[in-house]
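Participant: What would the 3D arrangement of this be:
(one chain, ligands or ions: 1)
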Amino acid sequence: MAEIKKHWYKEMSVYQIWTRSFCDSNGDGIGDLPGVYSKLDYIKSLGVDGIWFSPIFPTPNADYGYDVSDYKNINPEFGTLDDFKMILEGAHERGMRVFMDLVVNHTSDEHEWFKEGAKDVNSPYHDYYFWRKGRKNGKKPPNNWLSVFEGGAWEYNKDIDEYYLHVFAKKQPDLNMDNPKVREEVKSIIRFWLDMGVDGFREDVITFISKDEGLPNGFPLPIATGVEHYKHGPHLEEYLDEFRAVQEEYDCFVVGEGPQTTLKDAVNFCSEGPGKKLDMLISFDHMNADCFAVDWIKTPFNLRKLKKTFDKWQTAMYGRGWNCLYIENHDHARIIDRYGDLNYRVESGKMLATMYTMQCGTPFIYQGQEIGMTNIEINNINDYKDVMTFNNYRLFKNILHYSEEKFLKLSSQVNRENARTPVQWNSEKNAGFTTADKAWFNINPNYTDINVEAAEKDENSLLNYYRKLIKFRKENEVCIYGDFKQHYKFSKDLFVYERNYEGKRMLVVCSFSAKPVHFKAPEGFELSKGKVAVSNYEVTDTSLNNFMTRPYEARAYLFD
Ligand code: NOJ
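Facilitator: Presented below is the predicted three-dimensional model:
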């Protein structure tokens, strides 16, 4: 059996905060850091060991913080550096670590570096970005790349008669990581936060930071044409090593986001030993069980597809690297709407929680997930806020001839903005999120039923179930370090797997069906000899080796 190296980052669970929608302390309708501070005890009460902040730096909000205009400060809408330091201290006092989002594939076009470089081709900051002359006497952009968010990937600047590259929005120019000065800037940002006491980073689209030399034309696609020329560029590994060398001077942890990163590369990046580049990688494969390649191309939910990807990642990583376990974040619609069942919101929410947190890896929980927040219906396109929504609106209207109504319907199922509605704290005005007349973004009207206060009062709530799962995982090494072996691989209703570690065994049974499904213990397991450690229904008859599942039933058995 593969040897597993123990480490604190493998034993922790992490809570993700998207500050703008978390908690507003000053009544301006926008979540902020003092708001987070006021909820530190709540976060701690979940049993998590760390907080990852989506970007909280100054930003013009073209991509809500993922367009940074100053890497060493705090977005004034959220507060000050002193507010942040209070959180850092408060989190540390409570035994929680704090992780920042490091967004260095691109900056904001309002960052000083960009403003300086855009003014003058001889400025040292010019070469911080990809500036190029156009083709055909400057009339056409330098190549055929399309951005992820806003049509063409090049924007023309008439003052200097050059185009700059932006793989995401126009206001997110890509940094030229081939310039050693840019890499020095990145290292200085890393040191700045680590020296302050931050415990690590989530690195935004970090696998995109090296572009193919010459920026050749890409294979035509409706969005992100050219992606094959930067999704794992020629110098990626070198640059990751360079950043890692600085990070290793500290006791810190790094999870990198890798859209389209292959499993083979992920294992290579995260493998223990010399040359390790990242502690974990945020992969997207398991988020595609109800869509084709991107969330917006919707397909019916397919459990076998989901199981296959988890199986592949669990098996390949075991004993080599480490998995990042998540089913929600700020980039995806709410999971119960997607892989669960709104008619069984709590039951299926608990089942999904069991299904992923009991696997091998570090679980991440996104704000609101713990109370089972759901998608929102928005009836007017103008109520949306996100650049990606507007881009998709254009594409669906122009290419697929969607009406606004049809688009809004799809959007309520797949849009990432579903995860960005304010956290529902109680059943009072504005869900207790803000005292302002209006929050910055629509609040889901179901807050009167689904909110933290109600969940606190209900012993059987999803919230309290998350607490149980997190506690159980922490107290049982088999759940942290055990291997992963799947059973019932071909079942369209059941996801069943076992974990083994130093003589202890676990068996996890999850039904993805509202209908009863027959479950018989796999060979080698006698359920009567095990203990039901966590389950979303009461289990009374423990003498049988088979049972009919209840809607979305989940059980984790522990065997000594
Ligand atoms: C990935 C982030 O998670 C997403 O929210 C953002 O829009 C893009 N990277 C661009 O930074």
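
Participant: The ligand contacts on the stretch 51-200 of the chain?
Facilitator: The stretch 51-200 of the chain comes close to the ligand at residues 63, 66, 103, 168, as judged by C-beta under 6 Å from any ligand atom. C-beta here means a position set from N, CA and C on the backbone, and glycine is covered the same way.

Participant: mind checking the longest helix of this protein?
Facilitator: helix 180-196 (DSSP state H).

Participant: Check which element follows it along the chain.
Facilitator: Once the chain leaves helix 180-196, the next helix or strand it forms, by DSSP states H and E, is strand 200-203.

Participant: just checking, what packs against that following strand?
Facilitator: Contact partners of strand 200-203 among helices and strands, from 3 or more C-beta pairs under 8 Å, 6 or more residues apart in numbering; DSSP states H and E: strand 97-102, strand 253-257.

Participant: follow-up on the earlier one: going by distance to the ligand, which of the residues of the stretch 51-200 of the chain next to the ligand wins?
Facilitator: Ranked by distance to the ligand (C-beta to the nearest ligand atom), those are led by residue 66 at 3.4 Å.

Participant: For residue 168, see how far away the spatially most central residue of the chain is.
Facilitator: What sits nearest the mean C-alpha location of the chain, by C-alpha atoms, centre = their mean, is residue 329, with 4.0 Å. Separation of residue 329 from residue 168 (C-beta to C-beta, to the nearest Å): 17 Å.

Participant: so what's the closest residue to residue 526 other than its chain neighbours up against?
Facilitator: Ranked by C-beta to C-beta, 6 or more residues apart in numbering and with sequence neighbours excluded, the top spatial neighbour of residue 526 is residue 545, at 6.3 Å. Counting by C-beta atoms under 8 Å, 6 or more residues apart in numbering, residue 545 touches 520, 521, 525, 526, 527, 528.

Participant: show me where pLDDT drops low in the protein?
Facilitator: 1-2 (pLDDT under 70).

Participant: Indicate whether stretch 264-283 makes contact with the ligand.
Facilitator: No. If you take C-beta under 6 Å from any ligand atom as the test, stretch 264-283 misses the ligand, and the best it gets is 8.4 Å.

Participant: which other residues reach that stretch?
Facilitator: Here stretch 264-283 makes contact (C-beta under 8 Å, 6+ apart) with 5, 9, 200, 202-203, 206-207, 232, 237, 240-241, 244, 253-258, 261, 263, 313, 316-317, 320-324, 326, 361-362.

Participant: List the buried residues for it?
Facilitator: 265-271, 276-283 (16 or more other C-beta atoms under 10 Å).

Participant: what does stretch 68-76 give?
Facilitator: For stretch 68-76, by 16+ other C-beta under 10 Å, it's 68, 69, 71, 74, 75.

Participant: Which single one of these is nearest to the ligand?
Facilitator: Nearest member of the buried residues of stretch 68-76 to the ligand, counting by C-beta to the nearest ligand atom, is residue 68, at 9.3 Å.

Participant: Would you quantify the distance from the closest one to residue 153?
Facilitator: 19 Å.

Participant: any residues touching stretch 113-122, and which ones?
Facilitator: In contact with stretch 113-122 (C-beta under 8 Å, 6+ apart) are residues 107-109, 123, 125-129, 131, 157, 159-160, 162, 164, 173, 185.

Participant: just the strands in the stretch 301-450 of the chain please.
Facilitator: 324-325, 362-366 (DSSP state E, counting those that start in this stretch).

Participant: Could you say which one of the ones you listed comes nearest to the ligand?
Facilitator: Using C-beta to the nearest ligand atom, those put strand 362-366 closest to the ligand, at 11.4 Å.

Participant: Please state the offset of the closest one from the chain centre?
Facilitator: 9 Å (C-alpha atoms, centre = their mean, to the nearest Å).

Participant: Quickly check: it near the ligand or not.
Facilitator: No. Strand 362-366 stays clear of the ligand (C-beta under 6 Å from any ligand atom), getting no nearer than 11.4 Å.

Participant: List, one by one, the residues from the stretch 351-500 of the chain near the ligand.
Facilitator: Residues of the stretch 351-500 of the chain lying near the ligand (C-beta under 6 Å from any ligand atom): none found.

Participant: Helices of the stretch 351-500 of the chain, start to end?
Facilitator: 387-398, 404-414, 452-457, 462-475, 477-481 (DSSP state H, counting those that start in this stretch).

Participant: Now do the third one: everything it contacts.
Facilitator: Okay, so that is helix 452-457. Counting by C-beta under 8 Å, 6+ apart, 42, 370-371, 423-427, 432, 461-464 sit against helix 452-457.

Participant: cutoff 6 Å now
Facilitator: 371, 425, 426, 461, 463 (C-beta atoms under 6 Å, 6 or more residues apart in numbering).

Participant: again, but for the last one
Facilitator: Here helix 477-481 makes contact (C-beta under 6 Å, 6+ apart) with 4, 11, 473, 499, 501, 504, 506.

Participant: Show me which parts of it are buried, residue by residue.
Facilitator: Across helix 477-481, burial judged by 16+ other C-beta under 10 Å covers 478, 479, 480, 481.

Participant: For residue 153, give me its contacts.
Facilitator: Residues in contact with residue 153 (C-beta under 6 Å, 6+ apart) are 145, 146, 147, 165, 166, 167.

Participant: Go through the residues you listed and name the one nearest the ligand.
Facilitator: Nearest member of the contacts of residue 153 to the ligand, counting by C-beta to the nearest ligand atom, is residue 167, at 8.4 Å.

Participant: so what's the nearest residue to that closest one once chain neighbours are set aside up against?
Facilitator: Computed as C-beta to C-beta, 6+ apart, the closest residue to residue 167 that is not its neighbour in sequence is residue 174, at 5.4 Å. Contact partners of residue 174, counting by C-beta under 6 Å, 6+ apart, are 106, 130, 165, 167.
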